[in-house]
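Undergrad: Coordinates for the following, if possible.
(one chain, ligands or ions: 2)
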Amino acid sequence: MSRASEASSMPVAVKVHVSTGQGMEITWADGHHSHYEFAYLRDRCPCAVCTGEHGIAPASAPPSPLPLYKPRATARAASAVGHYAVQFDFSDGHSTGIFSFDYLRGICPCESCRSASSAP
Ligand SMILES: [Zn+2]
Ligand SMILES: [Zn+2]
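TA: Numbering: from 1, shown residues only. Ligands and ions are numbered 1, 2, ... in the order given. The predicted structure follows:
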């Protein structure tokens with residue numbers, strides 16, 4: 001049990017603001033705080049349909065020259081999946097995405113995480 005780095009993907013507090021549409025907040029065991037907009041999470045849904053893992057293009061996301069017309073996703077509900085993940089029921093009817101805390105920590109949109117990840 002010497003893997004101290006696991007604390008970075010362990011939530012100590014999770015708040016999902018479904019009624020206000022303000023997204024989700026997570027406080028991590030290492031003291032880091034993350035805030036995710038629902039639209040941000042919807043765009044990064046890790047399920048097979050959205051990531052195209054099985055070669056199926058997402059029917060609900062055709063390439064559009066007018067991205068501004070895309071309705072902004074919110075969540076109608078959220079539920080815990082065991083102790084390791086959260087599942088959302090998004091406003092566009094999509095609900096198969098399961099966001100593990102490990103994944104959520106990896107997509108934390110805060111400035112320090114974005115600058116720490118050297119993604120182009
Ligand atoms: Zn999905
Ligand atoms: Zn962060």
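Undergrad: For the residue nearest the centre of the chain, give me its contacts.
TA: For the chain, Leu41 is the residue whose C-alpha lies nearest the centre (C-alpha atoms, centre = their mean; 3.5 Å). Applying C-beta atoms under 8 Å, 6 or more residues apart in numbering, we find Leu41 in contact with 23-24, 75, 88, 97, 99. Every C-beta, even on glycine, is put in place using the N, C-alpha and C of the backbone.
Undergrad: Name the residues of the protein found near ligand 1, please.
TA: 45, 47, 50, 97 (C-beta under 5 Å from the ion).
Undergrad: do the helix-or-strand element of the chain with minimal mean pLDDT and ligand 2 meet at all?
TA: Using mean pLDDT, DSSP states H and E, the weakest-scoring helix or strand in the chain turns out to be helix 111-116, at a mean of 88. Yes. Residues of helix 111-116 contacting ligand 2 under C-beta under 5 Å from the ion: Cys113.
Undergrad: and for that helix, what are the contacting residues?
TA: The contact list for helix 111-116 (C-beta under 8 Å, 6+ apart) reads 32, 34, 108.
Undergrad: overlap between the residues you listed and the residues near ligand 2?
TA: Of those, the ones that also sit near ligand 2 (C-beta under 5 Å from the ion) are Cys108.
Undergrad: just the contacts of helix 111-116 now: which is nearest ligand 2?
TA: Closest approach to ligand 2 among these (C-beta to the ion): Cys108, at 3.3 Å.
Undergrad: Run a quick check on that closest one versus Thr27, I expect a contact.
TA: No. Judged on C-beta atoms under 8 Å, Cys108 makes no contact with Thr27 at a distance of 11.7 Å.
Undergrad: For the two, indicate the residue with more neighbours.
TA: Cys108 (20 against 14; other C-beta atoms under 10 Å).
Undergrad: Who are the contact partners of the closest residue to that one other than its chain neighbours?
TA: Of all residues not flanking Cys108 in the chain, Ser34 sits nearest, at 4.4 Å (C-beta to C-beta, 6 or more residues apart in numbering). By C-beta under 8 Å, 6+ apart, Ser34 lies in contact with 25-28, 104-105, 108-110, 113.
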